[in-house]
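# Give me a 3D structure for the following:
(2 chains)
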Number of protein chains: 2
Amino acid sequence: MSSVTSRVPATRRITARRQATRDRVLEAASEVFAERGFHGASVEDICERAGFTRGAFYSNFSSKDDLVLELSRRHSEALVERIRAASKQERARADEMLQAVFAALADDTRSKEQWLVLTTEFTLHAIREPGARRAWAAQQRRVRDELVAVVDEAVARQGLTLPMPTDVFVRAAIALAHGSMTQRLVEPRSLTVGELERTVLPVLLGVDA
Amino acid sequence: MSSVTSRVPATRRITARRQATRDRVLEAASEVFAERGFHGASVEDICERAGFTRGAFYSNFSSKDDLVLELSRRHSEALVERIRAASKQERARADEMLQAVFAALADDTRSKEQWLVLTTEFTLHAIREPGARRAWAAQQRRVRDELVAVVDEAVARQGLTLPMPTDVFVRAAIALAHGSMTQRLVEPRSLTVGELERTVLPVLLGVDA
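The predicted structure follows:
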């Protein structure tokens, strides 16, 4: 290993170590947020869980907000990638494509619920803090823009017509997915996983699913 | 006035005084929640605002949760009543009826936003506290049941057909309305008031609105 390492330039070695530190802090943050909520979790708690000093923390992240934004960026990238892959299946009919997308979204329900709670807490925080609000708004917009591209491509490939601008469709899909999850957290078993988006989106797309 | 009062039975006088006390506490609670959030507001803060002792508070309400549940009950009753009235206009076409319902919902946007923040905070609290969760779930169910009756009547009157069970339609409408408001709070001006429900619900109802 050391012979391999010695051939890697010093700056790349530093970047890789820095990345490993960031990953460990983010993993610890994710656990502590799930256990104590956004407001209940302190930077100290997260440092202790990660086994880092506050100095190491602050040389990697500027604040607790920064952690949520980075966790969200990673989470959204993975989600958009799963949706993109599911929507691109060759020779799938429109209903099959939609079922594949819903199956990709239904993956990993437990961690999605923890994630929904964290992002809802952060949304409330952002509504009260202008700096966090602007960063959160920019992040939401980036994710929606990526989803708009995915939906436009899928709709064109399937020869479908959306009865509204794609951005409004994507916003509605997000609202329905959040609504399904929130309603299930408050009233478990009163609706199935993803029931609202599975019921409404095929109607909007004119697909029997 | 005193001659009128003297003809009212003692129990009714007590009930009216009790109701006035409850109203004053609820009004104070509503203000303090808007200023400091559900977690930031204490029973002490609310008593001070209302000019009542903790004793007077606890002889009327069992907890801060109880206040939110009662505020929510009143808020929902008023909202359902506005929707019911708007949906019942005689001789209105389906698109006119829908526009009237959306206008009724768009009323009073500022206080609805404060209300959304409070109910979102309470939903997060309820997800973590089984007692609050059960009470909140029961309340949500009652509101939905009333809205299901309103929608069923309006759909029958207009000769429309819903492409899904009415309860799922109502749940979707609530999710879209929450989504519109939340997205507007994070990204003001990025969408218009009620844009998601105004765009999606007519498609589901097969109405050109």
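
# Please list the residues of chain A that sit near chain B.
A:37, A:39, A:117, A:120-121, A:123-124, A:126-128, A:133, A:136-137, A:140-141, A:163-164, A:168, A:171-172, A:174-176, A:178-180, A:182-183, A:185-187, A:190-191, A:195-196, A:199-200, A:203-204 (Cβ under 8 Å from any Cβ of the partner chain). Using the backbone N, CA and C atoms, a C-beta is placed for each residue, glycine as well.

# hmm, 7 Å instead?
Taking Cβ under 7 Å from any Cβ of the partner chain as the contact definition, chain A meets chain B at A:117, A:120-121, A:123-124, A:126-127, A:133, A:136-137, A:140, A:163-164, A:168, A:171-172, A:174-176, A:178-179, A:182-183, A:185-187, A:191, A:195-196, A:199-200, A:203-204.

# Buried among these? Make that a PyMOL selection.
Only the buried entries of the residues of chain A next to chain B go into this PyMOL selection, using 16 or more other Cβ atoms under 10 Å in any protein chain shown:
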select buried, chain A and resi 117+120+121+123+124+126+127+133+136+137+140+164+168+171+172+174+175+176+178+179+182+183+185+186+187+191+195+196+199+200+203+204
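
# Show me what counts as buried in the host helix or strand of A:D152.
Using DSSP states H and E, A:D152 falls within helix A:130-158. For helix A:130-158, the neighbour count (16+ other Cβ under 10 Å) marks A:132-133, A:135-137, A:139-140, A:143-144, A:146-148, A:150-151, A:154-155, A:158 as buried.

# re earlier: from the residues of chain A next to chain B, which ones fall inside helices?
A:117, A:120-121, A:123-124, A:126-127, A:133, A:136-137, A:140, A:168, A:171-172, A:174-176, A:178-179, A:182-183, A:185-186, A:195-196, A:199-200, A:203-204 (DSSP state H).

# got the angle for the longest helix along chain A vs helix B:10-40?
For chain A, the longest helix by residue count, based on DSSP H, is helix A:10-40. When axes from the mean of the first three to the mean of the last three Cα atoms, to 10 degrees is applied, the directions of helix A:10-40 and helix B:10-40 differ by 170 degrees.

# packing partners for helix A:10-40?
Where contact means 3 or more Cβ pairs under 7 Å, 6 or more residues apart in numbering or on different chains; DSSP states H and E, helix A:10-40 is packed against helix A:43-50, helix A:64-87, helix A:109-128.

# Quick one: mean pLDDT for stretch A:138-158?
For stretch A:138-158, the mean per-residue pLDDT is 96.

# what does that stretch contact?
A:69, A:72-73, A:76, A:80, A:83-84, A:87, A:94, A:97, A:162, A:166-167, A:169-171, B:186-187 (Cβ atoms under 7 Å, 6 or more residues apart in numbering or on different chains).

# 8 Å instead?
Under the criterion Cβ atoms under 8 Å, 6 or more residues apart in numbering or on different chains, residues A:69, A:72-73, A:76, A:80, A:83-84, A:87-88, A:93-94, A:97, A:160-162, A:166-167, A:169-171, A:173-174, A:205, B:183, B:186-187, B:190 lie in contact with stretch A:138-158.

# Let me have the helices and strands packed on helix A:10-40 in JSON lines, extended by distance to B:A16 and mean pLDDT.
Converted to JSON lines, the helices and strands packed on helix A:10-40 look like this (distance: least, Cβ to Cβ, whole Å; pLDDT from 0 to 100):
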{"stretch": "helix A:43-50", "distance to B:A16": "51", "mean pLDDT": "96"}
{"stretch": "helix A:64-87", "distance to B:A16": "49", "mean pLDDT": "94"}
{"stretch": "helix A:109-128", "distance to B:A16": "37", "mean pLDDT": "89"}
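
# Turn those into JSON lines, columns for distance to A:T21.
JSON lines is the format used below for the helices and strands packed on helix A:10-40 (distance: least, Cβ to Cβ, whole Å):
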{"stretch": "helix A:43-50", "distance to A:T21": "8"}
{"stretch": "helix A:64-87", "distance to A:T21": "13"}
{"stretch": "helix A:109-128", "distance to A:T21": "21"}
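
# between the helix holding A:D152 and helix A:109-128, how many degrees?
Using the same axes, to 10 degrees: helix A:130-158 against helix A:109-128 is 130 degrees.

# and helix A:130-158 with helix A:64-87, angle?
Counting by the same axes, to 10 degrees, helix A:130-158 lies at 0 degrees to helix A:64-87.
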